[in-house]
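**Student:** Next input, structure requested:
(chains A and B)
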Amino acid sequence: MRKLLKYLKHYKLESILAPFFKLLEAAFELIVPLIVASIIDDGVSGGRGADYVVYMCLILVALGVVGLISSVTAQYFAAKSAVGFSKELRRDLFAKMQSLSYSQIDKIGTSRMITRMTSDVNQIQSGINMVLRLFMRSPFIVFGAMIMAYTISVAAGNVFAVTIAVLCVVVFGIMLITIPLYKKSQSNLDKVTAATRQTLVGVRVLRAFCKEEEEIKQFNERNGALCASQKFAGLISALMNPLTYAIINAGTIILIYCGAVQVNSGALSQGEVIALYNYMAQILIELIKLANLIITVTKSFACAGRVNEVFELPDAICPGSDSAEKRSGHYIQFENVCARYTGGANALTDISFTAEKGQTIGVIGGTGSGKTTLVNLIPHFYDASEGGVFVDGFNVNDVGDAKLRNMCGVVPQRAVLFRGTIRDNMKWGNPQATDEEIMRAIECACASDVVSAKDGGLDAYVEQGGKNFSGGQRQRLTIARALVKKPEILILDDSASALDYATDAKLRSNLRDLGYNPTVFIVSQRTSSIQGADKILVLDNGRLAGVGTHEELLKSCELYREIHYSQYEKEGA
Amino acid sequence: MAQLSKKNVYKRILRQLRPYRAWIAITIILALVTVAGNLWAPIIFGDIIDLIISAGNVDFGGMTYKFILLGVVIAATCVAQWLMNIINNRITYEVVRDIRAEAFAHLQVLPLNYIDSHSYGDIVSRNIADVDQFADGLLMGFTQLFTGVLTIVGTLVLMLTLNWIIALIVFFITPLSLFVARFIATRTYSMFIATSRIRGDQTAFVEEMIDNLKVVEAFNREEANQAEFDRINEDLTKASLKSIFYSSLTNPCTRFVNSVVYAAVALSGALTLIFPSVLPVTFSVGKLTTLLSYSNQYTKPFNEISGVVTELQNAVACAARIYELIDEPAQIPDAPDAAELANVRGDVAFEDVTFSYDPEKPLIKNLNISAKAGQRVAIVGPTGCGKTTLINLLMRFYDPQDGKITVDGQDAQSVTRKSLRRNYGMVLQDTWLKSGTVRDNITIGAPQATDEEVIQAAKAAHSHNFIMQLENGYDTVIGEDGGNLSQGQKQLLCITRIMLCLPPMLILDEATSSIDTRTEMQIQNAFAKLMKGRTSFIVAHRLSTIKEADIILVMKNGNIIEQGTHDELIARGGFYYQLYNSQFAK
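**Tutor:** Okay, the predicted model is just below:
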């Protein structure tokens, strides 16, 4: 939390003024019992008469007005700094998230990042708002009431001090005990949720294996555990109200007795006893508010901790260095590259190959053989754990991510489009692209029919994720998006899987005729997509099982032959 | 979904509460005790203050008696309040447990039709979030509504007896704070709507960009995104400042009204004391103290009750959604004389089967298929032709509207669902694993299997190797929906599951779609062994699987338009021939 407090620095004044005005309000509230005492002692008993009473009551109303004004002012400043805080926090958080590396993204997971950005930040915002409003006020009232009591009578003040101490022990003790209990019942609730979800998602399999009774049994166990933990937590928190009530009343009884003794000796007046009685009542209300505040603050702290985890991730964007030397004579070179995902086994082991400018490289292999990992190393989406990846002669660690990614056009496996028009989406590749350039890229990606079929052509609206396009249409548009960029290196990661053979073939022939002659990596499960490549890399379990052209590999590589013949009948057969 | 009228919902809630009626009676009595104690204590305090008049004029004897009385009242109030809280918790949480158990058990017998046509999120949120909301409403209702109403009535009566004139003043000024609160709430409502709309925009934007962060980074889109984000963020900041500030006015304003009430009580009380003869009431300083403390408390239950009422309305709406789920008709239960299907040979036949999901759109009409024991039946056809529907019917996830499906000549609807399903082994394209260990998932169909049998099955399905590479081998816990396994690995586990329990009939719906072709070929051998002597229904896109089938059923628009072996169908040159050329050839 402390680390996040820097976001308040633009709102320093507001963050000081808010509690200040809150204190002002509280101070006016503390005067009220004194005035009531004076009404009784001076007005009623002292015989100063009706005029005095009216005057004093007007002061009461005036205090209310002043209290109202300061309180409203405080609310304004508190809201302003809390809202400003969360604005700046969100902005930086979003910027940080955009700078995460692929492996960091994998590790955190998108749904968690979204939660950090939305509900966690909101929780922190309301925590700050509450703190600014109440954190000063409640203790001020509690201790202020005690001090006022001391000014009336030392003995009464002592009664206050003891009562407050006991109340604090009880209120915070109960909270300390119940917070972990509530956490536990929350995690029990999560289990009940998971059980409900599981029975729905897996309904076909569960019913196919006749698991209905077992599911009910498992659910009832979890449901019972939830109920038991809730009841147990409730048992203890149910003590809060009766106990505080008992303590405050016990304190009041002692207070009044002490007061009576002092009135009897002439040290106090009746009105002053009433004032003490009123102060005691104020304490209880504020202490309960304080307890609620602490619950909110604890929650905010937990959220702040989670948000901070994101900020504490090491910076992943690689700025590049000018002093780097050209280290390789090949356009692209992998030198004994290994790659591994956090905590996993090697996804790639000892990969070495070279590619020259303008070549087409095919990458093929089974599920999980490391094809995607391999091509993701080229734009430095992941770090190689061993060995070196060189692009244009430079190690990718030295090139600088922004420059490298400008060189590469990537078509990912999952074809995603963004909300906006088709043109907006195409301009991701190059914000300055003209319609003509865009249309040329679309044509090349065999997507002209997709655009012309939609109302408005390039202005046709794309829904989130591109839901209003079929898988094949999306794939072609994502290819076009990468082509708008006119990249030096084009990476197609299994991005023609939803295309029929004829379109796939047409696409490949178009790619060969691009004027700017990019180096193309094609990842595919189908040998038909890569058999024209200058070089084919065959991956098996993260290792290179063969390198060569289609014809060479058919002769030399057992695995490649198997893959090929599993898709085609044996030639000549 | 059946709409429940509000009245019916109340009836249902009452029925749900019936087992707890003794507890409810007790809690009401305890609430009465608590409120009475709460109201009585200030009176005693007032009486005590009247005994403290001035120096030398304090009645200690009378005070001792009052203090003892006070102690007893307070102790009784505390105990009653504690017991009441415990009982309220108990009623609420147990009712919630009952409802959830009932709803969950009902999910097990709901027809697939219902589950398929509702989003999981919706059903889950009914059983979790709605029930929780209902519980909150119930608990607040129990704890605050009773005591709130009792307190208001009690306070009013007592104030009237203390000084009816001041009581009337309080009675008429206090509602002002409710009006103020109401006024602010209605004015800020539109601001909250605006804020949550902008927040929705922001969340949508964040979701879209974070979800596809990899693409964003690949295209160096960070700056453009940040600019757009800042724009929305700025709007959000403005809107939420407004809504937070204006709504936070409620508290200061109602507090102000309260302080006016307080001043009015002080004024009128003091004046009554100064001019005792003017008004026809007897009054004392102690009574004024009591009145002041009442006027401080009097508004609290009003605010609470207005909160409770909205909460309760919400709770009733949530209860309605839960009861709708519970009332949803269950699937038709097995006939009481339903036989257990046993010793299956594997003759399966569709006889004049007619079925559709939606009566408006007929799908399958008078379908006849006959598969002899041990035959391999492949089903091919374009998307939406009814392939998956056949599987739904075979497994009795859905029942035909007309005609029947027989297994070994027995009508599938005349045997128990469980015995029917036990005789099928099913692997679906849409792989699903339950959370638990790898072993739990493999043994789901054969819980008694030994480790050796499990490993043997895994080896046959070619999953043994990757399982051994997992952190804890067969004891590795996989999360919900298979967690960190790849689609292909999940599919291999689903196949292992079937390899272990070896049922007499098989259903393979694109069972190897996510597995690479080489592993698939290896598994095919295992499948071939498995399918020997077992009737199997195969939906597949890959040629090799289909070509070796004994019968290929070519489906289009819910009908079988061609059937025969691969060679026969190719020779015929019909739809299959076209499909084959477009999909499977180069």
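
**Student:** what about A:V337, helix or strand, and which?
**Tutor:** Of the helices and strands defined by DSSP states H and E, A:V337 is found in strand A:332-340.

**Student:** what does B:A167 give?
**Tutor:** In this assignment (DSSP H and E), B:A167 forms part of helix B:164-173.

**Student:** That helix and chain A, are they touching?
**Tutor:** No - counting by CB under 8 Å from any CB of the partner chain, chain A is not contacted by helix B:164-173; separation bottoms out at 12.0 Å. Yep, even glycine has a C-beta here, placed from its N, CA and C like the rest.

**Student:** What about the residue of the stretch 401-550 of chain A at minimum distance from chain B, how many residues nearby?
**Tutor:** Among residues of the stretch 401-550 of chain A, the one nearest chain B by CB to the nearest CB turns out to be A:V410. It sits 4.3 Å away. Using other CB atoms under 10 Å in any protein chain shown, A:V410 has 27 neighbouring residues.

**Student:** For it, name its beta-bridge partners.
**Tutor:** In this entry, A:V410 is beta-bridged to A:I491, by DSSP bridges.

**Student:** wait, isn't it in contact with A:T372?
**Tutor:** No - look at A:V410 against A:T372 with CB atoms under 8 Å: they stay out of range, at 10.9 Å.

**Student:** so how far is chain B from A:F143?
**Tutor:** Going from A:F143 to chain B by CB to the nearest CB, to the nearest Å gives 20 Å.

**Student:** Actually, A:C227.
**Tutor:** Counting by CB to the nearest CB, the separation of A:C227 from chain B is 4 Å.

**Student:** Nearest the geometric middle of chain B, what residue?
**Tutor:** Compute the mean C-alpha point of chain B, and by CA atoms, centre = their mean the closest residue is B:S125, 2.4 Å away.

**Student:** residues in contact with whichever helix or strand it is part of?
**Tutor:** Per DSSP H and E: B:S125 is located in helix B:120-125. Under the contact criterion CB atoms under 8 Å, 6 or more residues apart in numbering or on different chains, helix B:120-125 has outside partners A:T193, A:T196, A:R197, A:L200, A:V201, B:L107, B:I115, B:L325.

**Student:** If you count contacts, what does the strand or helix carrying A:T349 end up packed against?
**Tutor:** Secondary structure from DSSP H and E places A:T349 in strand A:346-355. Taking 3 or more CB pairs under 8 Å, 6 or more residues apart in numbering or on different chains; DSSP states H and E as the contact definition, the neighbouring helices and strands of strand A:346-355 are strand A:332-340, helix A:371-377, strand A:386-391, strand A:535-540, strand A:543-548.

**Student:** I'd like those written out as CSV, with mean pLDDT, mean neighbour count and distance to B:L341 added.
**Tutor:** Formatted as CSV, the entries for the helices and strands packed on strand A:346-355 read as follows, by pLDDT from 0 to 100; neighbours: other CB atoms under 10 Å in any protein chain shown; distance: least, CB to CB, whole Å:
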stretch, mean pLDDT, mean neighbour count, distance to B:L341
strand A:332-340, 89, 20, 50
helix A:371-377, 89, 23, 46
strand A:386-391, 90, 20, 58
strand A:535-540, 91, 23, 45
strand A:543-548, 90, 18, 48
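
**Student:** now those in JSON lines, with distance to chain B?
**Tutor:** Compiled in JSON lines, those are given as follows (distance: least, CB to the nearest CB, whole Å):
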{"stretch": "strand A:332-340", "distance to chain B": "13"}
{"stretch": "helix A:371-377", "distance to chain B": "9"}
{"stretch": "strand A:386-391", "distance to chain B": "15"}
{"stretch": "strand A:535-540", "distance to chain B": "9"}
{"stretch": "strand A:543-548", "distance to chain B": "11"}
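
**Student:** about what we covered before: which helices and strands does the strand holding A:V337 pack with?
**Tutor:** Secondary structure elements in contact with strand A:332-340, counted by 3+ CB pairs under 8 Å, 6+ apart, are strand A:346-355, helix A:371-377, strand A:386-391.

**Student:** Just the residues contacting that strand, thanks.
**Tutor:** Strand A:332-340 is touched from outside by A:328, A:346-356, A:370, A:373-374, A:377-378, A:382-392, A:489, A:519, with contacts defined as CB under 8 Å, 6+ apart.

**Student:** So how do I select the buried members of those in ChimeraX?
**Tutor:** The command below creates a ChimeraX selection of those among the contacts of strand A:332-340 that count as buried (16 or more other CB atoms under 10 Å in any protein chain shown):
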select /A:328,346,347,348,349,351,353,354,355,370,373,374,377,378,382,383,384,387,388,389,390,391,392,489,519
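
**Student:** which residues does residue 59 contact?
**Tutor:** Chain wasn't specified; assuming chain A. A:I35.

**Student:** switch to chain B, that's the one I care about
**Tutor:** With contacts defined as CB under 8 Å, 6+ apart, B:D59 is in contact with B:L51.

**Student:** Can you give me the pLDDT of it?
**Tutor:** On the pLDDT scale, B:D59 is placed at 84.

**Student:** Please name the spatially closest residue to B:Q489 (chain neighbours excluded).
**Tutor:** B:F466 (5.7 Å; CB to CB, 6 or more residues apart in numbering or on different chains).

**Student:** Is A:D455 located within a helix, as I assumed?
**Tutor:** No - under the criterion used here (DSSP: H, G, I helix; E, B strand; the rest coil), A:D455 is coil, not part of a helix.

**Student:** what's the pLDDT at the nearest residue to A:R197 once chain neighbours are set aside?
**Tutor:** Spatially, and ignoring its direct neighbours in sequence, A:R197 is nearest to B:V124 (5.2 Å; CB to CB, 6+ apart). The per-residue pLDDT reported for B:V124 equals 83.

**Student:** Next, count neighbours for B:V124.
**Tutor:** The burial metric for B:V124, expressed as a neighbour count using other CB under 10 Å, is 21.

**Student:** cool, A:N517 as well?
**Tutor:** Other residues close to A:N517 by other CB under 10 Å number 12.

**Student:** Secondary structure element holding the closest residue to it other than its chain neighbours?
**Tutor:** Sequence neighbours aside, A:G358 is the residue nearest to A:N517 in space, at 4.5 Å (criterion: CB to CB, 6+ apart). Per DSSP H and E, A:G358 falls between elements, in no helix or strand.

**Student:** what does the stretch 301-450 of chain A put close to chain B?
**Tutor:** A:345, A:365-369, A:379, A:381, A:401-402, A:405-406, A:408, A:410, A:412, A:416, A:418-419, A:428-429, A:431.

**Student:** buried subset of the residues you listed?
**Tutor:** Here, 16+ other CB under 10 Å leaves A:365-369, A:379, A:381, A:401, A:405-406, A:408, A:410, A:412, A:416, A:418-419, A:428-429 buried among these.

**Student:** and B:L273, what helix or strand is that in?
**Tutor:** Here B:L273, judged by DSSP H and E, is contained in helix B:250-274.

**Student:** what separates that helix from the chain centre, distance-wise?
**Tutor:** 48 Å (CA atoms, centre = their mean, to the nearest Å).

**Student:** coming back round to it: hmm, the residue nearest to B:Q489 is touching B:L492, no?
**Tutor:** Yes - if you go by CB under 8 Å, B:F466 and B:L492 touch, sitting 7.1 Å apart.

**Student:** Please identify which of those two sits among more neighbours.
**Tutor:** Neighbours were tallied for B:F466 and for B:L492 using other CB under 10 Å; the higher tally belongs to B:L492 (28 against 20).
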